[in-house]
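Visitor: Here's a sequence, model it:
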Amino acid sequence: MDSKTKAIVAHVTVIGWIVALVVNQGENKDEFASFYIRQMLGLIILAIVL
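Guide: Numbers count the residues shown, from 1 in each chain. The predicted model follows:
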């Protein structure tokens, strides 16, 4: 998966976020995708809190 695809999948659903997180591990780690994965984590936590 390229970095744009990982970022898009991370924003689709919570399950998509988990898939993007798993795919972005190890040697395939990409800073662009990591930014959007962290951003979506913040939005998920905010939604749970509110």
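
Visitor: CA only for contacts and neighbour counts going forward, please
Guide: Fine.

Visitor: In contact with the spatially most central residue of the chain, which residues?
Guide: Nearest to the mean C-alpha position of the chain, counting by CA atoms, centre = their mean, stands residue 37 at 2.7 Å. Taking CA atoms under 8 Å, 6 or more residues apart in numbering as the criterion, residue 37 is in contact with 7, 10, 11, 17, 20, 21.

Visitor: May I see the buried residues of the stretch of helix or strand it belongs to?
Guide: Per DSSP states H and E: residue 37 is located in helix 31-49. For helix 31-49, the neighbour count (16 or more other CA atoms under 10 Å) marks 33, 34, 36, 37, 40, 41 as buried.

Visitor: And stretch 17-36, by the same measure?
Guide: Buried-residue list, stretch 17-36, by 16+ other CA under 10 Å: 17, 20, 21, 24, 33, 34, 36.

Visitor: Centre of the chain to it, how far?
Guide: 6 Å (CA atoms, centre = their mean, to the nearest Å).

Visitor: and if you look at stretch 33-50?
Guide: 8 Å.

Visitor: list the buried ones in the worst-scoring helix or strand of the chain on mean pLDDT?
Guide: Least confident helix or strand of the chain, by mean pLDDT, DSSP states H and E, is helix 3-12 with a mean of 87. Of the residues in helix 3-12, 3, 6, 7, 8, 9, 10, 11 count as buried by neighbour count, 16+ other CA under 10 Å.

Visitor: Dump the residues you listed to TSV, plus distance to residue 49.
Guide: Converted to TSV, the buried residues of helix 3-12 look like this (distance: CA to CA, whole Å):
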residue	distance to residue 49
3	29
6	25
7	23
8	24
9	23
10	20
11	18
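
Visitor: Go through these and say which is closest to residue 47.
Guide: residue 11 (13.5 Å; CA to CA).

Visitor: what's the nearest residue to residue 17 if we skip its chain neighbours?
Guide: In space, and not counting its chain neighbours, residue 17 is closest to residue 10: 3.9 Å by CA to CA, 6 or more residues apart in numbering.
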